[in-house]
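1. sequence and predicted model, in that order:
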Amino acid sequence: MRHKAPLIDALLGLIAGVGLVALYAPLLATAAISFFQVVRVRGALGFAPFSLDPYAALLANGEILAALATSLVVAAVASIAALGLALMFAFYFVSARRGLGLAMQTMVFLPFLLPPIITGLSLLIAFREIDLGRGLVTIIIAHIVFIVPVVYRTVLVRLQLLGSSLTEASLDLGASRVQTLRYVILPQMRPALISGVLLAFAISFDETLITLFVAGSQTTLPIRLWAMMRVGFVPEINALATLILLFTAVITFAIGMLQRAGERA
Amino acid sequence: METATARPWPDLLRAGLVHALNLGLPLLFVVVPILSFVAVSFWTLEEGQILLIPTLANYRAFFTEGSYLAVYLQTIALSLQVTAVNLALATAIALFIFRRTPRVRFLILMSFMLPLFMSYIIKIYSIRSILGQRGLLNEAMMALGLIDQPIEALLFSRTAIFIALAVLYLPYAILPIYLALDRIPANYLAAAADLGATPGQMLRDVVLPLGRPGMAAGAVFTFILTFGDFVTPQMVGGIQGFTFGRIVFSQFGLALNWPLGSALAVILLATTLLAVALAGLLLRREHVR
Amino acid sequence: MQPLLHLENISKRYGAVRVLEGIDITVAGNEFLTILGPSGSGKTTILRIIGGFESIDGGRLMFEGRDLAAVPINRRPFNTVFQDYALFHHMTVAENVGYGLKVRGRPRAEIATRVAEVMETVGLAAFGGRYPAQLSGGQRQRVALARAIICEPRLILLDEPLSALDVELRAQMQRFLKSLQRRLGIAFVFITHDQEEAIALSDRIIVVNGGRIEQEGAPEQLYRRPHTPFTAAFLGENNLIAGTLAAVDGPLCAVDTPAGRLAATVDGPAPPTGSAVLVAVRPEHVRLDAAPMPGEGLTADVADVRFLGANVMIELRHAALPGALLKVRRLADGSAAGLVAGQRVGLSWSAGDAALLRAGPAPAAL
Ligand SMILES: Nc1ncnc2c1ncn2[C@@H]1O[C@H](COP(=O)(O)OP(=O)(O)O)[C@@H](O)[C@H]1O
Ligand SMILES: [Mg+2]
């Protein structure tokens, strides 16, 4: 039974309401403006009738589309690579001596715990030291370094939840370690793997602060947007923003569903 | 996997490879870069060239030259303000969610977390288009006759950065606080009520003390993220928004002084580590079950 | 005399599921009342309704003649000892115990004195500065008790407080609880699924099953004169033999069963002759004779002799009672030494030891 406290509840509700408005109003306004462009008639605010012009302009904007392509490539490569590494690290953690596992884990987590500015500039300096020119490769490496911890965490939690009894049962039935992995462990971990990769993809797709250090002349979508916004107001951005918001909402929803499914499994 | 008895060579080789990969890769891509940036902070810059001559000049510059120290202190003040305000807001919101029935909790929590997954740069852009001298907020207030001049303070000012950072990082504080509250056994609340506590006393004696670790985590997240953010201040603060993070970033861009930038980054890193340690110290007396 | 607490015809649903139906319970001012029932029978729900943690869908909850419906949890003059103790892990033992006084705004000095007194009562005088995590299970139990009694409630609610303790500690805590209740002179409403515990502690027991009250009464009364098959099977062991009531003579009854005519005693008015009934006999009340006695009791074949430490349990089969094992308990004093499987023996009992029950739904396997 809830313990009734109407006054406290009203106050908390008010604050929560203000919080929601503050979080969503800017995003919704941006989406609205993408369909009903803001016009000024003799200095006063007004809205143009519904139009998809910004979306048409967006499709015609080669720079944005190129950056979008770069971002998709980076996110895809980085999240797949991160998945492989995360699996390797997770198995190492559960099988190696505790001290070594913890040492590995601490190192792996660092880039996610440190402020992005630190991760970004230390990678920049390291790349410079080995004379690796800034470009697609450095961006991908930086993204992998940043998202491995996320995937690792998801994978490890699931792996530890599985415990050792399944593995032992499989080995007991005569399966080899590889067969056990193939037929028992990986199928059990599928929801964790998928949600981990999706999360990694979303983070990579959105990564801005670290990328700014290591991008060089290559531009991912956030970097391109950042550059365009500094110049001024571009209607296409509203259209793109709306599309990206929609896209992330869908991905987030999918991840949420997958993780709930994983918990129930 | 580890046995002391003699093993055939291929096995040893494979074990070695496993360790090399799992410890070597993080070492190479995480630890070495951090060490090298700390190292660079001690090198000398002369005529645009980095020389491997150890010096403390870069750190000395922080205290003596230009306005580094002043900007540093201003940025700390700004981050602390955002942290304080967001801590209060996030605690209230987490409590609000906590007091709903279990069925709707997840839904409300998700709606507060969703913006976390939305594009960072687009969030800044959206906030800017609302704030702004010619932003929707000013225009709307003028249209409603609330004001007759745009409020200058709303863009390219400290207030604007403050609002933008607060909105941007609010979810980061809500989540850990809510998770801490969610771990409070339902029986504790029943027991407190059973012993005669009013809802207010329950909040003071049970809910808030047990939510404290979450509040500390939320505060640390907020402080670290706002202190290190260099894009938000630039986008909504313009010239006015010269924060410490921006100074660091500019040393690797236009100013092109990597040693100084690294030294300032070391100071930034030390500050965030200090914040973590401080929070840990405050929580040390907490008793964990 | 007006009871301290009266649950009047209370019912409770969770969604479409009825978990309590027609619950009517009175609690006298200083009795040790136990609610006994198997897991899932609704015991906790009854306690939570009294404590104010659950709403009710029908009936009334009266305290000294006042309806408690509008009285919030924190104003009810009872305290609860929770099943998992619910000690606040962030407060010391003394802070936990003193919490009820603190929220009532009592001065510090008074709280300190009372806490010391109560801690003394539960035998934990030296433990005030510790945290719950630093105590053993039995000690936590005592802290939970101390916390509940410090505000001098009129009634204490205890939800299976001993279930987490090991056997020895449990026996010790049972004695302690009983003596504490006597000393404080207040009512305890105690929940358990353990019939031995209920019998050992209670002034009165209420047996619940499937959200309804099966029977209530003093422990001995329930044990000797169960009224329903459920009570007969749940409190101790019983041999249950189904049959039809053939004749009634005062409390004495004759029952026709597949194994012959058996004698039993009915408690209260007897059902009409011809109705389906059960004869319940405790294994320890069955006499065992090497040779069958003609016209009395029945004959059966020994199926197994099980040594149980102080007792020997003899299991027997009767050809006309397929599927049912009859049980006879004997002291392990060698008197059953000669018995071997397959041997035919005679069973008998005095009519006063056999209870006549109305046949109800078959009792759950126990
Ligand atoms: N919150 C609830 N929602 C739905 N059913 C419940 C809830 N709490 C208890 N029940 C059901 O009510 C019945 C009685 O539960 P309870 O009072 O806890 O039994 P006991 O304490 O005797 O084991 C059980 O069948 C249980 O499944
Ligand atoms: Mg129960």
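-> Sure thing, it's come through. Ligands and ions are numbered 1, 2, ... in the order given.
2. centre-most residue in chain B?
-> Relative to the mean C-alpha position of chain B, the nearest C-alpha, by CA atoms, centre = their mean, is the one of residue B:225, at 2.0 Å.
3. chain neighbours aside, what residue packs nearest to that residue?
-> residue B:169 (5.4 Å; CB to CB, 6 or more residues apart in numbering or on different chains). The way it works is simple: take the backbone N, C-alpha and C, and place the C-beta from them, glycine included.
4. and the one you found, that's in a helix?
-> Yes - assigned with DSSP: H, G, I helix; E, B strand; the rest coil, residue B:169 falls within a helix.
5. and it, what does it touch?
-> B:82, B:86, B:221-222, B:225-226 (CB atoms under 8 Å, 6 or more residues apart in numbering or on different chains).
6. for these, which one is nearest chain C?
-> When the contacts of residue B:169 are compared for distance to chain C (CB to the nearest CB), residue B:221 wins out at 22.5 Å.
7. packing partners for the helix or strand encompassing the closest one?
-> In the assignment (DSSP states H and E), residue B:221 maps to helix B:208-228. Secondary-structure packing of helix B:208-228 (3 or more CB pairs under 8 Å, 6 or more residues apart in numbering or on different chains; DSSP states H and E): helix A:116-129, helix B:68-98, helix B:158-182, helix B:244-252, helix B:258-283.
8. can I get these in a markdown table including mean pLDDT and distance to residue B:215?
-> Output for these, formatted as a markdown table (pLDDT from 0 to 100; distance: least, CB to CB, whole Å):
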| stretch | mean pLDDT | distance to residue B:215 |
| --- | --- | --- |
| helix A:116-129 | 93 | 23 |
| helix B:68-98 | 95 | 6 |
| helix B:158-182 | 93 | 5 |
| helix B:244-252 | 92 | 24 |
| helix B:258-283 | 92 | 9 |
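9. can I get the ones you listed in TSV with distance to ligand 1?
-> Formatted as TSV, these follow (distance: least, CB to the nearest ligand atom, whole Å):
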stretch	distance to ligand 1
helix A:116-129	45
helix B:68-98	18
helix B:158-182	18
helix B:244-252	50
helix B:258-283	34
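10. what secondary structure does residue C:288 sit in?
-> Note that with three-state DSSP, the state of residue C:288 is strand.
11. quick check: phi and psi at the residue nearest to residue C:37 when sequence neighbours are not counted.
-> Closest residue in space to residue C:37, ignoring its immediate chain neighbours: residue C:208 at 3.8 Å, by CB to CB, 6+ apart. Backbone torsions of residue C:208, given as degrees, to the nearest 10, read phi -110, psi 150.
12. what do you get for residue B:53?
-> Torsion angles, degrees, to the nearest 10, at residue B:53: phi -110, psi 120.
13. same thing with residue B:99?
-> Dihedral pair for residue B:99: phi -90, psi 0, per degrees, to the nearest 10.
14. same thing with residue B:242?
-> phi -90, psi 90.
15. ok, it to chain C distance?
-> 43 Å (CB to the nearest CB, to the nearest Å).
16. what of residue A:88?
-> Separation of residue A:88 from chain C (CB to the nearest CB): 38 Å.
17. how about whichever strand or helix holds that residue: buried residues?
-> Residue A:88 is part of helix A:62-95 when elements are defined by DSSP H and E. Going by neighbour count (16 or more other CB atoms under 10 Å in any protein chain shown), the buried part of helix A:62-95 is A:64, A:67-68, A:70-71, A:74-75, A:77-79, A:81-83, A:85-93.
18. that one near chain B at all?
-> Yes - judged by CB under 8 Å from any CB of the partner chain, helix A:62-95 comes into contact with chain B through A:85, A:88-89, A:92, A:95.
19. with pLDDT and distance to residue C:256 added, can I get those residues in a markdown table?
-> Output for these, formatted as a markdown table (pLDDT from 0 to 100; distance: CB to CB, whole Å):
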| residue | pLDDT | distance to residue C:256 |
| --- | --- | --- |
| A:85 | 95 | 80 |
| A:88 | 93 | 78 |
| A:89 | 95 | 77 |
| A:92 | 92 | 76 |
| A:95 | 85 | 71 |
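20. could I get the full set of strands for chain A?
-> Shown for chain A, the strands assigned by DSSP state E span residues A:38-41, A:44-47.
21. if we can go back for a sec, so the residue nearest to residue C:37 sits against residue C:43, correct?
-> Yes - counting by CB atoms under 8 Å, residue C:208 touches residue C:43, with 6.2 Å between them.
22. tell me what the residue nearest to residue C:37 is bridged to.
-> residue C:213 (DSSP bridges).
23. what number of residues lie near it?
-> When neighbours are defined as other CB atoms under 10 Å in any protein chain shown, residue C:208 has 24 of them.
24. who touches it in this structure?
-> Contact analysis of residue C:208 by CB under 8 Å, 6+ apart lists C:23, C:35-37, C:41-43, C:46, C:214.
25. mind checking how far it is from residue B:181?
-> 35 Å (CB to CB, to the nearest Å).
26. now residue C:47: which helix or strand?
-> Residue-wise, residue C:47 maps onto helix C:43-51 under DSSP H and E.
27. that helix: what's the following helix or strand?
-> Past helix C:43-51, the next helix or strand by DSSP H and E is strand C:58-63.
28. between that next one and helix C:43-51, how big is the angle?
-> In terms of direction (axes from the mean of the first three to the mean of the last three CA atoms, to 10 degrees), strand C:58-63 departs from helix C:43-51 by 60 degrees.
29. and the contacts of strand C:58-63?
-> C:4-12, C:23, C:49-50, C:67-69, C:71, C:76-77.
30. what about the residues you listed, which are in strands?
-> Applying DSSP E to these, the entries found in strands are C:5-12, C:23, C:67.
31. so which of those residues reach ligand 1?
-> With respect to ligand 1, and counting by CB under 6 Å from any ligand atom, no part of those is in contact.
32. list just the nearest of these to chain A.
-> residue C:12 (12.6 Å).
33. list the contacts for the most centrally placed residue in chain A?
-> Nearest to the mean C-alpha position of chain A, by CA atoms, centre = their mean, lies residue A:203 at 1.6 Å. Shown in contact with residue A:203 (CB under 8 Å, 6+ apart): A:146-147, A:150.
34. so which of those residues belong to helices?
-> Counting by DSSP state H, these place A:146-147, A:150 in helices.
35. distance to residue A:113, neighbour count and pLDDT added to these, as CSV?
-> Rendered in CSV, the data for the ones in helices among the contacts of residue A:203 read as follows (distance: CB to CB, whole Å; neighbours: other CB atoms under 10 Å in any protein chain shown; pLDDT from 0 to 100):
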residue, distance to residue A:113, neighbour count, pLDDT
A:146, 11, 25, 95
A:147, 13, 29, 95
A:150, 12, 21, 92
